[in-house]
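> Everything below, folded, please.
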Amino acid sequence: MRFIKRSLVLLLAVTFVIMSALPVAASQATSYTYTLDDDSEMVRTQDAYLPDRTITDLGLDSPQDMFITDDNLAYIADSGNSRVVVYNIDTGKVDKIYSKETVSDKDFEGFDKPSGLFISKKGELFVADPGKKTVFKFDKNGKYERRYDRPTAVIFNGSGSKDKTNYEPSKVAIDSGENLYIVSEGLYDGIIQLAKTGEFLGYFATNKAKLSPVQAFLKMIYTKEQAKNSTLLNTDPQTFSNVFVDKKGMAYSVSMNAPDDGLKKHSTKGSNMFKNDVVCTEHLTDVTVDNNGIIYTSDTEGFICVYTPDGELIFKLGAKVNDMSISGLFKSLVTIAVDNKGNIWTADGENGYLQSFSPTEYATTIYHALTEYENGNYDVALDDWSYVLRLNQMSVLAHNGVAKAYYNNEKYHKAMEDFEIAGNREGYSEAYWEVRNKQIQKYLGPFLIVVILLIVLKIVISLVDKKKRISAAKKNLGKKLSKVPVLSEIGYAFKCARHPIDRYDDIRVGKHGSPLTALIIYIIFFGVYMLYTVGKGFIYQYQKVEDMDMGAVVVGFFAILILFIICNYLVTSITDGDGTIKQIYMIPAYGLMPAMIAMLVTTGLSYFLTYNEAFILTVIMIIGVGWSIAVIFEGLATVHDYDFKGTVVSLIITAVFILIAVIVVLVIIIMWDQLSDFLVTLGKEVIRNVTGG
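Sure thing, here's the model as predicted:
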């Protein structure tokens with residue numbers, strides 16, 4: 001026994017020594033990396049970038065913009081020091097400084113607050129200076145060439161004062177034709193476009209003003225004078241915060257306070273090329289694009305976002321700190337650039353230092369997969385995406401990549417599986433169209449043969465059954481079923497849909513209509529509604545069962561029904577309606593058949609139709625729901641003996657009563673919660689005083 005104890009102690013000691021000697025894997029990341037899941041919610045993923053170099057010895061004061069050339073020269077707009085610093089990333093030294101003191105040209109008066117810069121394909125430096133209200137140009141050797149002052153064109157300045165249009169260039173970009181794209185502070189008209197000669201070419205792109213629901217309502221009711229003087233109706237569009245032109249001549253822009261379209265990729269006409277809304281923050285400060293078309297943005301909250309060339313979010317990383325300096329975190333992230341090795345470089349506008357981030361294997365594999373896919377190397381891209389999935393099995397981006405690779409290799413069934421996991425309904429629809437097309441080609445012939453055989457069989461039966469025995473048997477079966485009370489009344493609901501006036505008149509006089517049948521129809525309708533809500537095919541199914549509060553749905557459905565019945569009865573009692581509460585209870589049930597059938601048909605067809613045929617489902621639902629509304633409306637008019645106007649008025653008043661009832665119930669619930677909290681607190685206080693605890 002003693003020997004066993006000693007052996008165990010020795011084993012534990014050896015294990016402890018070995019574990020202590022082993023290296024411990026710890027992430028260098030100072031912030032988390034996020035991506036989107038299939039519900040478009042931000043979730044944590046593997047580290048995409050790790051903080052690398054922190055450059056604090058350049059003496060920067062409020063840097064505002066940065067551009068990195070192919071030979072890794074970082075041009076920095078050092079606004080606080082009125083200069084442009086050229087920092088060599090490879091050597092870690094300053095190569096050159098542009099300022100009043102270093103540029104030997106009498107025509108160059110120096111910078112004031114340089115806040116934007118860009119290097120053209122020819123190596124020329126353009127610097128936007130809002131303080132000087134101009135854009136300076138230097139040749140590739142650093143020699144000063146010219147400045148771009150306010151355009152003199154009448155279309156720019158307007159017919160009034162010369163200074164009517166604001167011209168304070170804060171950011172600048174140059175395309176392959178040497179045209180200038182200028183972002184001006186306080187200018188709502190858009191991005192200014194100048195020719196290389198300085199001629200005003202127009203506004204390249206503009207942001208559209210968007211009204212909130214409150215503003216739209218106020219605009220309808222305000223007079224012109226009220227609208228003009230109201231601060232609530234500020235309809236100025238958001239201004240651009242930065243602009244960038246990549247090596248292919250494609251222009252990109254970012255705007256602040258525009259979460260739906262803060263990042264844009266522009267066509268030659270200036271329109272946004274992104275098909276879907278881009279997930280971005282509301283405080284974007286800069287945008288840059290690498291040689292593979294990967295898009296990078298920065299914002300004042302310290303976040304870096306990385307996108308595919310199509311605007312799909314790949315990563316989001318970073319964070320903001322206020323009272324300390326931490327590598328990889330920022331007080332004010334003002335600009336972003338990428339060097340020739342794929343490292344991200346940023347500048348903190350308040351702390352005045354540069355910070356680089358190196359990509360991890362996870363990030364580089366994703367970028368390689370995207371590049372290979374764009375180049376048509378689908379098998380290579382598939383291997384890369386499969387490796388990414390081994391690192392992160394629930395990566396939506398990777399599943400999308402795998403699905404696209406399968407799709408282009410004509411493996412449509414596999415593509416559908418990964419598109420479904422990624423929640424990509426559009427891609428799933430395209431893959432399913434291909435699968436369905438092959439199935440139609442395969443089974444169309446046999447299907448037509450079966451249809452023809454059935455038609456021939458029907459003709460043969462009609463010729464053989466000269467005494468109509470088969471048809472008589474069918475009629476007898478129908479009569480037997482009609483004698484079953486519940487089935488008979490459910491069948492009567494179908495008749496109400498075809499002839500509502502006559503059938504509801506029978507309900508009015510008590511000839512037909514059963515409260516029990518109405519209850520059964522309500523329950524069946526609720527089941528059909530739930531099937532329609534959560535049971536459609538993947539392409540059309542957006543609601544998940546796990547996200548639903550079933551108790552609230554059930555209570556809400558029947559509470560609304562009960563409220564309608566009671567409120568309509570109270571209203572019609574006041575307005576001389578003839579219907580009883582029993583009849584009002586039965587009327588909606590007997591009018592729900594068209595909507596119920598439409599939901600069932602729509603649910604079934606949703607498994608066979610693609611996005612291109614979505615209008616078919618829409619038309620079916622409009623017809624079904626509209627038909628039911630018309631039938632119920634006619635039923636209420638019949639049992640209450642109202643004309644059209646009287647029925648409309650009674651329904652409006654009923655809706656008002658329902659709204660009032662809901663508000664009263666909410667007030668009671670809130671007051672009861674407060675009262676119960678008060679009573680509980682009072683009870684605890686009494687017990688404490690009595691027991692002396």
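
> is it true that Asp505 lies in a helix?
Yes: under DSSP: H, G, I helix; E, B strand; the rest coil, Asp505 sits within a helix.

> Tell me how many other residues crowd the closest residue to it other than its chain neighbours.
Nearest residue to Asp505, sequence neighbours excluded (CB to CB, 6 or more residues apart in numbering): Thr638, at 5.7 Å. Yep, even glycine has a C-beta here, placed from its N, CA and C like the rest. Using other CB atoms under 10 Å, Thr638 has 23 neighbouring residues.

> could you say what helices and strands the strand or helix carrying Thr638 packs with?
Assigned by DSSP states H and E, Thr638 falls within helix 614-640. Contacts defined by 3 or more CB pairs under 8 Å, 6 or more residues apart in numbering; DSSP states H and E place helix 614-640 against helix 485-498, helix 500-508, helix 581-590, helix 593-605, helix 644-691.

> So for Leu516, which of these sits nearest?
helix 485-498 (7.0 Å; CB to CB).

> Secondary structure element holding Phe67?
Counting by DSSP H and E, Phe67 is part of strand 63-68.

> ugh, wrong one, I meant Leu516
Per DSSP H and E: helix 515-534 holds Leu516.

> do Ser104 as well
Using DSSP H and E, no helix or strand contains Ser104.

> Just to check, Thr572 is in contact with Gly579?
Yes: in this structure, Thr572 is within contact of Gly579 by CB atoms under 8 Å, at 5.9 Å.

> got any residues that touch both of the two?
Contact criterion CB atoms under 8 Å, 6 or more residues apart in numbering; residues shared by Thr572 and Gly579: His640.

> Sheet-wise, list the partners of the strand holding Phe67 with their directions.
When sheet partners are counted by DSSP bridges, strand 63-68 sits next to strand 73-78 (antiparallel).

> Would you mind writing the CA trace of the partner strand as PDB?
Only the C-alpha atoms of strand 73-78 are listed here, as PDB (Å, rounded to 0.1, in the frame of the first residue of the first chain):
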ATOM      1  CA  LEU A  73       6.500  53.800 -48.100                       C
ATOM      2  CA  ALA A  74       3.800  55.100 -45.700                       C
ATOM      3  CA  TYR A  75       2.800  58.700 -46.500                       C
ATOM      4  CA  ILE A  76       1.200  60.200 -43.300                       C
ATOM      5  CA  ALA A  77      -0.800  63.500 -43.100                       C
ATOM      6  CA  ASP A  78       0.600  64.900 -39.900                       C
END
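
> how about low-confidence regions in this structure?
For the chain, the stretches with pLDDT under 70 are 1-30, 158-163, 209-236, 259, 323-325, 465-492, 502, 509-511, 513, 692-693.

> Run through the residues that contact Ile314.
Here Ile314 is in contact with 35, 48, 294, 306-308, 366, 397 (CB under 8 Å, 6+ apart).

> By neighbours, which of those residues wins?
Busiest of these [other CB under 10 Å] is Ile366, holding 29 neighbours.

> So that one is in contact with Val388, correct?
Yes: shown here, Ile366 and Val388 form a contact pair, counting by CB under 8 Å, at 5.9 Å.

> Now for the spatially most central residue of the chain: which residues touch it?
By CA atoms, centre = their mean, the chain has its centre lying nearest to Asp277, at 5.8 Å. The contact partners of Asp277, by CB under 8 Å, 6+ apart, come to 260-261.

> same thing with Ala258?
Each residue near Ala258 by CB under 8 Å, 6+ apart is listed here: 207, 238, 282.

> Can you check which of the helices and strands packed on helix 614-640 gets nearest to Glu312?
Closest among the helices and strands packed on helix 614-640, using CB to CB: helix 593-605, at 29.8 Å.

> Could you check the angle the closest one makes with helix 515-534?
30 degrees (axes from the mean of the first three to the mean of the last three CA atoms, to 10 degrees).

> neighbouring contacts of helix 593-605?
Contacts for helix 593-605 (CB under 8 Å, 6+ apart): 493-494, 496-497, 524-525, 528-529, 531-532, 535-536, 616-617, 620-621, 623-625, 627-628, 631.

> related to what we said a few turns ago, and the next helix or strand past the helix holding Leu516?
Counting by DSSP H and E, the next helix or strand C-terminal to helix 515-534 is helix 550-574.

> what helices or strands is that next one leaning on?
helix 515-534, helix 581-590, helix 644-691.

> The ones you listed: which one's closest to Leu454?
Minimum separation from Leu454 across these (CB to CB) falls at helix 515-534, 28.8 Å.

> Next, the buried residues of that closest one.
Under the neighbour-count criterion of 16 or more other CB atoms under 10 Å, helix 515-534 has 517-518, 521-522, 525, 528-530, 532-534 buried.

> Equivalent analysis for stretch 263-283, please.
In stretch 263-283, counting by 16+ other CB under 10 Å, buried: 263-266, 270, 274, 278-281, 283.

> With distance to Val456 and secondary structure added, can I get those residues in a markdown table?
As requested, the buried residues of stretch 263-283 are arranged in a markdown table below (distance: CB to CB, whole Å; DSSP: H, G, I helix; E, B strand; the rest coil):
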| residue | distance to Val456 | secondary structure |
| --- | --- | --- |
| Leu263 | 63 | strand |
| Lys264 | 62 | strand |
| Lys265 | 60 | strand |
| His266 | 63 | strand |
| Gly270 | 64 | coil |
| Phe274 | 56 | coil |
| Val278 | 59 | coil |
| Val279 | 59 | coil |
| Cys280 | 63 | coil |
| Thr281 | 67 | coil |
| His283 | 72 | strand |
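
> want to try JSON lines for these, with distance to Lys143 as columns?
Below are the buried residues of stretch 263-283 laid out as JSON lines (distance: CB to CB, whole Å):
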{"residue": "Leu263", "distance to Lys143": "35"}
{"residue": "Lys264", "distance to Lys143": "35"}
{"residue": "Lys265", "distance to Lys143": "34"}
{"residue": "His266", "distance to Lys143": "32"}
{"residue": "Gly270", "distance to Lys143": "33"}
{"residue": "Phe274", "distance to Lys143": "39"}
{"residue": "Val278", "distance to Lys143": "40"}
{"residue": "Val279", "distance to Lys143": "44"}
{"residue": "Cys280", "distance to Lys143": "39"}
{"residue": "Thr281", "distance to Lys143": "40"}
{"residue": "His283", "distance to Lys143": "37"}
